[in-house]
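Chemist: Just need the structure, nothing else, for what follows:
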Amino acid sequence: MKKEDMNIVIVGHVDHGKSTLMGRLLADTDSLPEGKLEQVKETCRRNSKPFEYAFLLDALKDEQSQGITIDTARCFFKTDKRDYIILDAPGHIEFLKNMITGASRAQAALLMIDAAEGVQENTRRHAYMLSMLGIQQIAVVINKMDLVDYSQEVYEKVKEEYLAFLKEIDIEPAFVLPVSAFQGENIVAKSDKMPWYDGMSILQVLDEFENEQENDKQPFRMPVQDVYKFTRDGDDRRIIAGTIETGTIRPGQEIIFYPSGKKSHVKTIESFNTAPIEEGKPGMAIGFTMQEQIYITRGEVMAIAGEPQPKTASRISANIFWLGKKDFVPGKVYFLKIGGEKVKVEVEKIKGVINSSNLSAAEEKQGVERHEVAEVILRTDKPIAFDLVADGASTSRFVIVDDYEIAGGGIITEALEDEESEIRSSAMLRNYKWETSEIDIEARIEHYAQRPELIVLTGEKNTGKKDLAKALEKTLLDSGRYVYYMGIGSYLYGVGADTKKLADEDHKEQIRRFAEVANLMLDAGMVLIVTATGLTESDRKIMKTVIQGEMDIIWVGDKVTTDIKADVQLKDSDFDYSKNINKIKTLLKDKGIIFS
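Modeler: Numbers count the residues shown, from 1 in each chain. Model prediction:
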């Protein structure tokens, strides 16, 4: 019978003995490749270098870099009860990167402190990060007891100080224990050097940890990493690819993608260079073909109908840990990465800030500084799908990118209402009820040699929007494109005839209905060009919520007079139509909307 697995992470301040402990666990549990310990000791002897157990990690990394398969690359050490996999993240940034790459799937953590040096800044910060990762089972390991003559007084002092800190951030470790990783004391068996300690050894503590609810028992979640279309040798499969985070899935099950709400059924489960798979399980990097062909993009989250569903929102409450060189501030556009999705994000509100090393709090701050933890409200450029940290840690984690670098990470604690919440629910229901055609979107893309796109030209009155739109339509049509121009009046006096009042709610409904009409035309594979005067950011968000496809907002005029976030501004007062049409065509080509 196969033993159960458990992922653990070992963290601690630099030089507090983490690598030595890892090496000891490998050696003292007989988990090393045969002869490896003796080989490393011999290398140290030949080089007149004192042997250290930390050297074992470097030796194993060297083997892995040479492509040699070793068991400990998968299972670092084992006990009679379990196979343990060590997840090593040596620095802050590695922690944050791992929040969304899967290496943070640890179910338990060992947090190491040097008994001689005591609690350091990073010791506190690592505790915050474990909290961010949603790891509940923690053992505090007070190491290097040999350097303080195995003093109970020193141990109790360090323990008292650190437990007081952990209590303030709502972390209650399951165990606190004294060890000497270098001497092997209290690692695999109880040490006789510390008779005053009547607790467990490291291995006993690990075996006492409970395997949390297995990932395969949780609701199914798979962030979509990519969509592949095959054409060679008559292979016409479209494969939705990603790595399963939680849950299991089998062919025939109904699936729903979020935040779009589109549905289909699993036809086959595919894996590279293997026969089709009967069941997909957590950790598998696999692909799916679907019975009903629907248009899905990278970043959506795949779930199973009938199971608890993920949240969708463009406003979230979150706890973040900031490591950026520049402060995290409102008014600046960042990128948020969660699962396979990457969206623009801004800070709407900083609710509170805490310094992670000394717990000093500041209620009123204009920004979050390096090494500070904050409770914030974030607003994303478009809806994202996620779970709350209490429901699913792995799909609640995100990182913030600033100037192409990962600068912060966090967990989502609440989905908040926004102006588009009701419209989003309506659009999701529409997508769920959508009757799919036998002609899928990929066939239309291939037939028309273009991707569907909504081009919205807006600006003040009398700026030449309509003439430019009509000239653009003719140019695209002459080059063989499937294109249509629709002035906003064509809609208002037709579909929107009953909503021509000026009240805010009527205007919101006008924009929603227009977006629904546009969505139908995009589903047909069309490039749709629309003109409207003075659109606002609220209008853009409504359209973005309703439309399942690409959209570009182009402001025509020298000055943007509303709050809309336009993708392009055409500033020329006396229009050179040829020049501006070429600008728009270049935009469409760069985005892969039109191609030869």
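Chemist: mind listing the helices in the stretch 51-200 of the chain by residue range?
Modeler: Using DSSP state H, counting those that start in this stretch, the helices of the stretch 51-200 of the chain run over 55-65, 92-101, 121-132, 152-168.
Chemist: hey, least reliable of those helices by pLDDT?
Modeler: When the helices of the stretch 51-200 of the chain are compared by mean pLDDT, helix 55-65 comes last with a mean of 55.
Chemist: Look up how far Lys571 lies from Lys465.
Modeler: 14 Å (CB to CB, to the nearest Å). The C-beta positions use only the backbone N, C-alpha and C, and glycine is treated the same way.
Chemist: So those two - more neighbours on which side?
Modeler: Neighbour count, other CB atoms under 10 Å: between Lys465 and Lys571, Lys465 has more, with 25 against 11.
Chemist: longest helix of the protein?
Modeler: helix 504-523 (DSSP state H).
Chemist: Show me what that helix packs onto, helices and strands only.
Modeler: helix 421-433, strand 453-459, helix 488-492, strand 527-533, helix 537-546 (3 or more CB pairs under 8 Å, 6 or more residues apart in numbering; DSSP states H and E).
Chemist: Among these, which comes closest to Thr243?
Modeler: Nearest of the helices and strands packed on helix 504-523 to Thr243, taken as CB to CB: helix 421-433 at 24.2 Å.
Chemist: Tell me the buried residues in the closest one?
Modeler: For helix 421-433, the neighbour count (16 or more other CB atoms under 10 Å) marks 421, 423-424, 426-428, 430-431 as buried.
Chemist: possible to save those as CSV with pLDDT and distance to Met129?
Modeler: CSV is the format used below for those (pLDDT from 0 to 100; distance: CB to CB, whole Å):
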residue, pLDDT, distance to Met129
Ser421, 80, 32
Ile423, 84, 37
Arg424, 83, 32
Ser426, 85, 39
Ala427, 83, 37
Met428, 83, 34
Arg430, 85, 41
Asn431, 82, 37
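Chemist: Which one of these is nearest to Thr531?
Modeler: The closest of the buried residues of helix 421-433, once distances to Thr531 are taken by CB to CB, is Ile423, at 22.5 Å.
Chemist: Quick one: residues contacting that closest one.
Modeler: When contacts are counted by CB atoms under 8 Å, 6 or more residues apart in numbering, Ile423 touches 512, 542, 545-546.
Chemist: I'd like the distance from the longest helix of the chain to the chain centre, please.
Modeler: 31 Å (CA atoms, centre = their mean, to the nearest Å).
Chemist: picking that back up, I'd like the helices and strands packed on helix 504-523 as a markdown table, with distance to Glu208 appended.
Modeler: Below are those laid out as a markdown table (distance: least, CB to CB, whole Å):
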| stretch | distance to Glu208 |
| --- | --- |
| helix 421-433 | 44 |
| strand 453-459 | 58 |
| helix 488-492 | 66 |
| strand 527-533 | 62 |
| helix 537-546 | 49 |
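Chemist: Compare these and report which one is nearest to Phe328.
Modeler: That would be helix 537-546 among the helices and strands packed on helix 504-523, by CB to CB, at 22.0 Å.
Chemist: and for the helix or strand following that closest one, what are the contacting residues?
Modeler: On the C-terminal side of helix 537-546, the closest following helix or strand by DSSP states H and E is strand 550-556. For strand 550-556, contacts defined as CB under 8 Å, 6+ apart pick out 451-459, 463-465, 468, 535, 540, 543-544, 564-570, 584, 587, 591, 593.
Chemist: Now render the contacts of Ile423 as JSON lines, adding pLDDT.
Modeler: Output for the contacts of Ile423, formatted as JSON lines (pLDDT from 0 to 100):
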{"residue": "Arg512", "pLDDT": "89"}
{"residue": "Ile542", "pLDDT": "89"}
{"residue": "Thr545", "pLDDT": "88"}
{"residue": "Val546", "pLDDT": "89"}
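Chemist: Closest one of those residues to Gln225?
Modeler: Distance to Gln225, by CB to CB, is smallest for Thr545 among the contacts of Ile423, at 23.7 Å.
Chemist: how close does that closest one sit to Met526?
Modeler: Thr545 is 20 Å from Met526, by CB to CB.
Chemist: and what of Ser426?
Modeler: With CB to CB as the criterion, Ser426 and Met526 are 23 Å apart.
Chemist: coming back round to it: pick out whichever of Thr545 and Met526 has more residues nearby.
Modeler: The residue with more neighbours, out of Thr545 and Met526, is Thr545; 25 against 21, by other CB under 10 Å.
Chemist: picking up where we left off before, tabulate the buried residues of helix 421-433 (TSV), appending distance to His507.
Modeler: Shown next, in TSV, are the buried residues of helix 421-433 (distance: CB to CB, whole Å):
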residue	distance to His507
Ser421	18
Ile423	13
Arg424	18
Ser426	17
Ala427	18
Met428	23
Arg430	21
Asn431	24
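Chemist: now, which of those residues sits nearest Glu245?
Modeler: Looking across the buried residues of helix 421-433 and measuring by CB to CB, the closest to Glu245 is Met428, at 21.0 Å.
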